[in-house]
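Visitor: no sequence on this one, just coordinates:
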Ligand SMILES: Cc1cc2nc3c(=O)[nH]c(=O)nc-3n(C[C@H](O)[C@H](O)[C@H](O)COP(=O)(O)O)c2cc1C
């Protein structure tokens, strides 16, 4: 079973791609995380956990979901981490997670997808995003091939800088960078509540028809990128930047 977490759709795209190629089913962690319900899932096929990379590791919210869940049947676990450029050194933590869950770690595959982190960087426009997504498909094919063949993903080559990013910098990032207080909403807000419904942490409530953010934000970018009127900003840094949403995965019936 392919189990995924996503903020702006890249990881859903990759999860659906993999499920399609593997003839497997896809499960969204969204409702489990949003409702704080422990997953109880069974699969005869390997577990494939797909998620974005947050500060060169799995998102903590996804790690909590896996730690709190029950995954029966197959003991094999693969990790597919979508990223804007590089996943750093996530293998030691992913291996530990598997050990703690009684799963057999089969490797981590980083997949470069469009950058979505507009609270720090720029996201590509639709054309460039399309190019990046098309370029990601061979790596996804390869990952599917290895899973199907029961092979491990290749071990990631890491540098001392990668270790620093996934270690100290990851911890500093969560401590200092991840907060909801810079989110603001402009008069373009139509009070549709989409920001609330797409928030995986159930961290947004509407007060007088306007979103108000609580303390549980994980910077997934679902609210700011999903707002239909571009009414949400993150301080000044998001101003004028394209909002990013991955297009839905379309199975390619000719190459299946
Ligand atoms: C909070 C946050 C942290 C991120 N950290 C990294 C990172 O360390 N390395 C990287 O290459 N991309 C990073 N990104 C980019 C995302 O991992 C990438 O765009 C991902 O495919 C988004 O997936 P999604 O659309 O499923 O949410 C980060 C994005 C966010 C929102």
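Guide: Noted; the coordinates are in hand. In this text the structure is predicted, and so the values were computed from the model without any measurement.
Visitor: What average pLDDT does the helix or strand encompassing residue 94 get?
Guide: Assigning secondary structure by DSSP states H and E places residue 94 in helix 91-101. Helix 91-101 carries an average pLDDT of 98.
Visitor: what's that helix packed up against?
Guide: Judged by 3 or more C-beta pairs under 8 Å, 6 or more residues apart in numbering; DSSP states H and E, helix 91-101 is in contact with helix 60-68, strand 76-83, strand 104-112. Heads up, the C-betas are built off the backbone N, CA and C, glycines and all.
Visitor: now the residue nearest to residue 24 when sequence neighbours are not counted: how far from residue 169?
Guide: Leaving out its chain neighbours, the residue that sits closest to residue 24 by C-beta to C-beta, 6 or more residues apart in numbering is residue 45, at 5.2 Å. Applying C-beta to C-beta, to the nearest Å, the value for residue 45 to residue 169 is 35 Å.
Visitor: Could you do residue 33 as well?
Guide: Taking C-beta to C-beta as the measure, residue 33 falls 24 Å from residue 169.
Visitor: mind listing the helices in this structure by residue range?
Guide: Assignment of helices within the chain using DSSP state H yields the ranges 10-22, 30-34, 60-68, 91-101, 126-149, 160-164, 170-172, 194-198, 222-226.
Visitor: neighbouring contacts of the shortest one?
Guide: Spelled out, that is helix 170-172. Here helix 170-172 makes contact (C-beta atoms under 8 Å, 6 or more residues apart in numbering) with 55, 56, 57, 88.
Visitor: Flag every buried residue along stretch 175-188.
Guide: 180, 183, 185 (16 or more other C-beta atoms under 10 Å).
Visitor: could you dump those to CSV with pLDDT and distance to the ligand?
Guide: Shown next, in CSV, are the buried residues of stretch 175-188 (pLDDT from 0 to 100; distance: C-beta to the nearest ligand atom, whole Å):
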residue, pLDDT, distance to the ligand
180, 98, 12
183, 98, 13
185, 98, 19
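Visitor: could you redo those residues as CSV and give each row distance to residue 62?
Guide: Putting those into CSV (distance: C-beta to C-beta, whole Å) gives the following:
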residue, distance to residue 62
180, 18
183, 21
185, 27
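Visitor: Can you list which of these are found in strands?
Guide: 183, 185 (DSSP state E).
Visitor: domains of the chain?
Guide: Domains of the chain are assigned by automatic domain parsing as 2-168, 178-234.
Visitor: So which of the ones you listed has the densest surroundings on average?
Guide: Sort these by mean neighbour count, taking mean count of other C-beta atoms under 10 Å, and domain 2-168 sits at the top with a mean of 18.
Visitor: check whether that domain contacts the ligand.
Guide: Yes: on the criterion C-beta under 6 Å from any ligand atom, domain 2-168 is in touch with the ligand at 6-11, 52-56, 82-86, 113-117.
Visitor: Please look at residue 173 and residue 55 and confirm they touch.
Guide: Yes: Residue 173 is within contact range of residue 55, at 3.9 Å (criterion: C-beta atoms under 8 Å).
Visitor: Pull the contacting residues for the residue of the stretch 151-256 of the chain found nearest the ligand.
Guide: Per C-beta to the nearest ligand atom, residue 219 is where the stretch 151-256 of the chain lies closest to the ligand, at 3.8 Å. Counting by C-beta under 8 Å, 6+ apart, residue 219 makes contact with 54, 117, 119, 177, 178.
Visitor: Contacts for the helix holding residue 94, please.
Guide: 57-58, 63, 66-67, 71, 77, 79, 103-105, 107-108, 155-156, 158, 166.
Visitor: do stretch 139-148 as well
Guide: 14, 17-18, 21-22, 46, 48, 78, 80, 106-107, 109, 111-112, 152-153.
Visitor: Between which two of these is the distance greatest?
Guide: 46 and 112 (22.8 Å; C-beta to C-beta).
Visitor: Residue 251: what's it in contact with?
Guide: Here residue 251 is in contact with residue 20 (C-beta under 8 Å, 6+ apart).
Visitor: quick one: it from residue 17, how far?
Guide: 8 Å.
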